[in-house]
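Undergrad: A structural model of the following input is requested.
(chains A and B)
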Amino acid sequence: MTEVLIVAEHADSHISKPALELLTLARRLGDPVAVIFGDTDETVAKALGEYGATRVLTVTDPAINEYLVAPKAEALAQIAESVQPVAILITSTPEGKEIAGRLAIKRGSGLITDATDIVADGTTTQSVFAGNWTVAASVTHGAPIVTIKPNAVTPAPAPTEPTTEQIQVTISEAAKGARIVNSEPKKSSGRPELTEAAVVVSGGRGTGGDFTAIEELADVLGGAVGASRAAVDAGWYPYAYQIGQTGKTVSPQLYIAAGISGAIQHRAGMQTSKAIVAVNKDDEAPIFALADLGIVADLHKVLPVVIDEIKKRRG
Amino acid sequence: MKIVVLAKHVPDATGERTFAADGTVDRGSSDGLLSELDEYAVEQALQIADEHEGVEVVVMTLGPEDAADAIKRALQMGASAGVHIMDDAIHGSDALATSAILAAAIKKAAPDLVICGMASTDGTMGVVPAMIAERLGWPAATLGATLSLGDGEVTIRRDDDVASFTIEASLPAIVSVTDQSGEARYPSMKGILAAKKKPVETWTLGDLGITEAAVGLDAAWSKVLQTSPRPPKEPGRVVPEEGGASALVDFLAAGKYI
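TA: Numbering: from 1, shown residues only, chains lettered A, B, ... in the order given. This next block holds a predicted model:
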C-alpha cells in the first residue's frame, strides 16, 4: 500500500481549505493518510474523507498545545515510522515549515518548502526570488517532505470512507523546551482567510492610514483585506494582514493594490495573482508594470465611486 | 553571557538575482549584503547587550569569502566579534547540511543564546533555526515579534493568524525574531572605525569535525532540476483618474465579480 502522510489543519473541527488542497495533491502520489492535532468531532473525518483521506489519525497529547512546534514534529516522526509513507505533505505556514525541517532531520529525508505544485513522480514547482523565477526540484534522499503553499491547487472531491484512529505518542523532555505560557485569541475580521480568498484588496502608504475604502471594496467583492509593509510599519493595519516577503504570500484570482508602490518586498507576496489591478497616484510606481489594469489616481477619490457603482448595479 | 547571532550574506533583493549553472543561487551576479532580516537579529542582540552587563555578541556567518561583509556590517553595528565559517566544500549545501554545520559551530562557540532572523531573503525557507534546535536538543522560541531576556530564560511574543502567544524557554536556547521586533540601528562613524579592530575568526569544516563528503551540492538531499525566469508580463491598460472608476467597474464586471 502506497500511503502519503498529510497534516490537516483545522480550527474548531473546521478543516482548512489548504488541508483539502494537500489531500488533492497527495492523491497523485498515493493514498492520503491525514494527521489531525487536537480534539475534534466526527465531522472532521467525514470532511477529510470527501477529499480522499483513507485514514484519519488523531493526536490529542496535551504537549501539542503546551509547547511550540517540537512535540508536533516528534508525534509526526513516530506516526511516519509506523506508516512508512512515500511522502509527507504539510501546508507552508511558519509552523508547518518548522515541523517539516525538524521532521527531515528525524526521518533522514530531503526537504522542499513553499512548493506551488507536486506531480506523481515527486517533482515540485517553486516560485522564488520574489516570484521572478520558477524552480523545478525533487528530493533525492528518503521519502520527500514537502511544504505546499496555500492555493496551490483547487480542492477536488474524491469521496472515501476513512477509518479513524487515536494515536498515542511519546513526547520527549527535549521537545518540551519552548513553553506556551499564554495565548490571546485574535478577533476575527469576519472576512475570508487572506491566503485562501479569491479576491484580495490591499492598501499601502497611499491610504494615509484610512482603510475604510479598502475594507468596503473588499466587502462588496467578498474578498479579504491586505496591507503593504509600509502600512503595517506605520501601525495602520495589523501585521497578520501584511502581504509580501515577510508577511503572507497570496495568489488570488483578483488582487487590487491601492496606494501601494509595488516594492520588491511587496511583489514577492502577490506577483502570482491571476489578475492584478493597481490604483496609485504616482504613474511611475513599479506596481503598474504588473497590473492588468492600472489607474493613475488617488484611491480615496476612485474607490468610493467604484463601491457605489457596484452597489447600484446590484440594486 | 554570550550571544551568537547567525547572519547570512545574500544577494541584494533589489538587484537582478539569478541562478548559477549548477542550480545554486548566483552570488557573483549582484552585490551582496547582510540579509535585511538578520539585521533585526543583530539589533535584538545589541539591545540585550545595552541593557545587561557583560554581554558578548558574536556574529557568525557561513559562506564564501564575500560573506565577510555580513560580519563586517554586524561589527559596525556593535557586535563584539565575528566567526566566519568558510570551506570550499560547503558550496551548494542544503538546509540539512547547513543546519548541521551551524549546530557544530554553535557547540564550539558555546553561547547561552543564539538569535536568528526569521528567514534569509534569498532562500526564504525559514527552517534553519528550528533545524539547529532539533540537532542541539535546545529549546527553540521562533518568530518573536518581541524578545526579552530574563533570569536564565528568554520570552518572546509569537503572532499567528488566530492568536498571539507568549513563549518562554530556558537557556541555552535558540530564538528567531521577525521584522516586527524593532528597526535595526545604522552603524555610527565610531562603530565603523571600531569594527576594524574587532576579532574575526575563520573556522573550516575540519575545525568543526565535519567531513567534506557530508556537505555541499553532491550531498544535498534535494536537487534543483530546472530554473526558469518568469516570462515578462504583457503590459496592461493604464487609465488616468478621469474614467478610472468606470474602467475598474467594467474590469470587475468582465471578470464576473459584480
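
Undergrad: sec struct for the closest residue to B:Lys198 other than its chain neighbours, please.
TA: Excluding its sequence neighbours, the residue lying closest to B:Lys198 (C-beta to C-beta, 6 or more residues apart in numbering or on different chains) is B:Leu75, at 4.8 Å. (Glycine included, C-beta is placed from N, CA and C.) Of the three states, B:Leu75 takes helix under DSSP: H, G, I helix; E, B strand; the rest coil.

Undergrad: Return the residues in contact with the residue sitting nearest the centre point of chain B.
TA: Among the residues of chain B, the one closest to the centroid is B:Ser120, at 3.9 Å (C-alpha atoms, centre = their mean). Neighbouring residues of B:Ser120 by C-beta atoms under 8 Å, 6 or more residues apart in numbering or on different chains: B:8, B:10, B:35, B:37-38.

Undergrad: now do B:Met131
TA: B:Met131 sits next to A:101-102, A:104-105, B:95-96, B:99 when contact means C-beta under 8 Å, 6+ apart.

Undergrad: now do 6 Å
TA: A:101, A:105, B:99 (C-beta atoms under 6 Å, 6 or more residues apart in numbering or on different chains).

Undergrad: Equivalent analysis for B:Met86, please.
TA: By C-beta under 6 Å, 6+ apart, the neighbours of B:Met86 are B:Thr202.

Undergrad: What pLDDT is listed against it?
TA: B:Met86 carries a pLDDT value of 98.

Undergrad: For the closest residue in space to A:Glu215 that isn't next to it in sequence, give the beta-bridge partners.
TA: Using C-beta to C-beta, 6+ apart and skipping residues adjacent in sequence, the residue nearest A:Glu215 is A:Val225, 5.6 Å away. For A:Val225, the beta-bridge partners under DSSP bridges are A:Val201.

Undergrad: A:Val225 contacts A:Ala218, doesn't it?
TA: Yes. If you go by C-beta atoms under 6 Å, A:Val225 and A:Ala218 touch, sitting 4.7 Å apart.

Undergrad: tell me what the host helix or strand of B:Gln226 is packed against?
TA: Taking DSSP states H and E as the criterion, B:Gln226 maps to strand B:222-229. Counting contacts by 3 or more C-beta pairs under 6 Å, 6 or more residues apart in numbering or on different chains; DSSP states H and E, strand B:222-229 packs against strand A:133-139.

Undergrad: which strands and helices sit next to the strand it packs on?
TA: strand A:124-128, strand B:222-229.

Undergrad: now those strands in CSV, with mean pLDDT?
TA: Below are the helices and strands packed on strand A:133-139 laid out as CSV (pLDDT from 0 to 100):
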stretch, mean pLDDT
strand A:124-128, 94
strand B:222-229, 95
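
Undergrad: These into CSV, with extra columns for distance to B:Thr155 and mean neighbour count?
TA: CSV is the format used below for the helices and strands packed on strand A:133-139 (distance: least, C-beta to C-beta, whole Å; neighbours: other C-beta atoms under 10 Å in any protein chain shown):
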stretch, distance to B:Thr155, mean neighbour count
strand A:124-128, 34, 20
strand B:222-229, 35, 16
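
Undergrad: Rebuild those as JSON lines, extending it with distance to A:Pro85.
TA: JSON lines is the format used below for the helices and strands packed on strand A:133-139 (distance: least, C-beta to C-beta, whole Å):
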{"stretch": "strand A:124-128", "distance to A:Pro85": "16"}
{"stretch": "strand B:222-229", "distance to A:Pro85": "17"}
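
Undergrad: ok so, going back, any idea how far the residue nearest to the centre of chain B is from B:Ile106?
TA: 17 Å (C-beta to C-beta, to the nearest Å).

Undergrad: Quick one: neighbours of residue 50, just the number.
TA: No chain specified, so I'll use chain A. A count of nearby residues for A:Glu50, using other C-beta atoms under 10 Å in any protein chain shown, gives 17.

Undergrad: You answered for a different chain; I wanted chain B.
TA: 9.

Undergrad: Also the one 3 residues further on?
TA: Burial of B:Glu53, expressed as a neighbour count using other C-beta under 10 Å, amounts to 6.

Undergrad: Check B:Ser188 too.
TA: 12.

Undergrad: Kindly report the same for B:Glu241.
TA: Neighbours around B:Glu241, by other C-beta under 10 Å: 14.

Undergrad: Can you pull the residues of the stretch 101-250 of chain A lying near chain B?
TA: Contact residues (C-beta under 6 Å from any C-beta of the partner chain) of the stretch 101-250 of chain A with chain B: A:101-102, A:105, A:110, A:112-113, A:129, A:132-141, A:174, A:177-186, A:221, A:239-240, A:246.

Undergrad: For whichever residue of chain A sits closest to chain B, give me its contacts.
TA: Across chain A, no residue is closer to chain B than A:Gly177, which sits at 2.7 Å (C-beta to the nearest C-beta). Residues near A:Gly177 by C-beta under 6 Å, 6+ apart: B:139, B:169.

Undergrad: Dihedrals phi and psi, it?
TA: phi -90, psi -30 (degrees, to the nearest 10).

Undergrad: got any ranges where the stretch 101-250 of chain B has weak pLDDT?
TA: Regions of the stretch 101-250 of chain B meeting the criterion pLDDT under 70 are absent.

Undergrad: A:Tyr255 contacts A:Ser202, doesn't it?
TA: No. Because the distance of 7.1 Å does not satisfy C-beta under 6 Å, A:Tyr255 is recorded as not touching A:Ser202.

Undergrad: Looking at the two, which one has more neighbours?
TA: Neighbour comparison, A:Tyr255 and A:Ser202: the larger count goes to A:Ser202, with 31 against 28 (by other C-beta under 10 Å).

Undergrad: What distance do you get for the more buried one to A:Ala213?
TA: 12 Å.

Undergrad: Okay, strands next: where are they in the stretch 51-200 of chain B?
TA: B:56-62, B:81-85, B:113-117, B:140-144, B:146-149, B:153-159, B:163-170, B:173-177, B:200-203 (DSSP state E, counting those that start in this stretch).

Undergrad: Flag every buried residue along the fifth one.
TA: The reference is to strand B:146-149. B:146-147, B:149 (16 or more other C-beta atoms under 10 Å in any protein chain shown).

Undergrad: One more: the third one?
TA: Neighbour-count burial for strand B:113-117, with 16+ other C-beta under 10 Å as criterion, is recorded at B:113-117.

Undergrad: Save these as JSON lines, and put in distance to chain A too.
TA: As requested, the buried residues of strand B:113-117 are exported to JSON lines (distance: C-beta to the nearest C-beta, whole Å):
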{"residue": "B:Leu113", "distance to chain A": "13"}
{"residue": "B:Val114", "distance to chain A": "13"}
{"residue": "B:Ile115", "distance to chain A": "14"}
{"residue": "B:Cys116", "distance to chain A": "12"}
{"residue": "B:Gly117", "distance to chain A": "10"}
